[in-house]
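Asker: here's a sequence, model it:
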Amino acid sequence: MEKKLPVFAILRIEIEVRWTLEDAVYVTAILPSQDEAKREVERLNKLNATKGVRYSWQATRFYPEGRKSTTKALQPPKS
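Answerer: Modelled structure (predicted):
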């Protein structure tokens, strides 16, 4: 079984960007608790209220040893 830990990503969303989604959304931090993520988002939104950006958080997972199933799929075939 792969070891995975719950973490919370802080997302910066550029409101004024008119290119692609990849140009508009950035992960700025990974935090260990939902409460900490909520506080950080609130702080950043207050700090940057007039700068055309918005912050949000998203629950996700961290695999400290990597994804074993993905790692096998990416390895080149043995000759």
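Asker: the helix or strand that contains residue 46: which residues count as buried?
Answerer: Element membership for residue 46 (DSSP states H and E) is helix 34-47. For helix 34-47, a neighbour-count test (16 or more other Cβ atoms under 10 Å) marks 37, 40, 41, 44 as buried. Where you see a C-beta, it was placed from the backbone N, CA and C, and this is true even at glycine.
Asker: all strands of the chain, in order?
Answerer: 5-14, 25-31, 53-62 (DSSP state E).
Asker: just the pLDDT for residue 73.
Answerer: The per-residue pLDDT reported for residue 73 equals 55.
Asker: residue contacts, the spatially most central residue of the chain?
Answerer: Closest to where the C-alpha atoms of the chain average out (Cα atoms, centre = their mean) is residue 9, at 3.7 Å. Residue 9 makes contact with 27, 29, 30, 31, 37, 57, 58, 59, 60, according to Cβ atoms under 8 Å, 6 or more residues apart in numbering.
Asker: pull the number of nearby residues for the first one.
Answerer: Same thing as residue 27. Look at residue 27: counted by other Cβ atoms under 10 Å, it has 11 neighbours.
Asker: how near is it to residue 66?
Answerer: 18 Å (Cβ to Cβ, to the nearest Å).
Asker: off-centre distance for the helix holding residue 46?
Answerer: What separates the centre of helix 34-47 from the centre of its chain is 14 Å, taken as Cα atoms, centre = their mean, to the nearest Å.
Asker: other SSEs contacting that helix?
Answerer: Counting contacts by 3 or more Cβ pairs under 8 Å, 6 or more residues apart in numbering; DSSP states H and E, helix 34-47 is packed against strand 5-14, strand 25-31, strand 53-62.
Asker: and the second one, what's buried?
Answerer: What it means is strand 25-31. In strand 25-31, counting by 16+ other Cβ under 10 Å, buried: 29, 31.
Asker: same check on the first one?
Answerer: In terms of neighbour count (16+ other Cβ under 10 Å), strand 5-14 has its buried residues at 7, 8, 9, 10, 11, 12.
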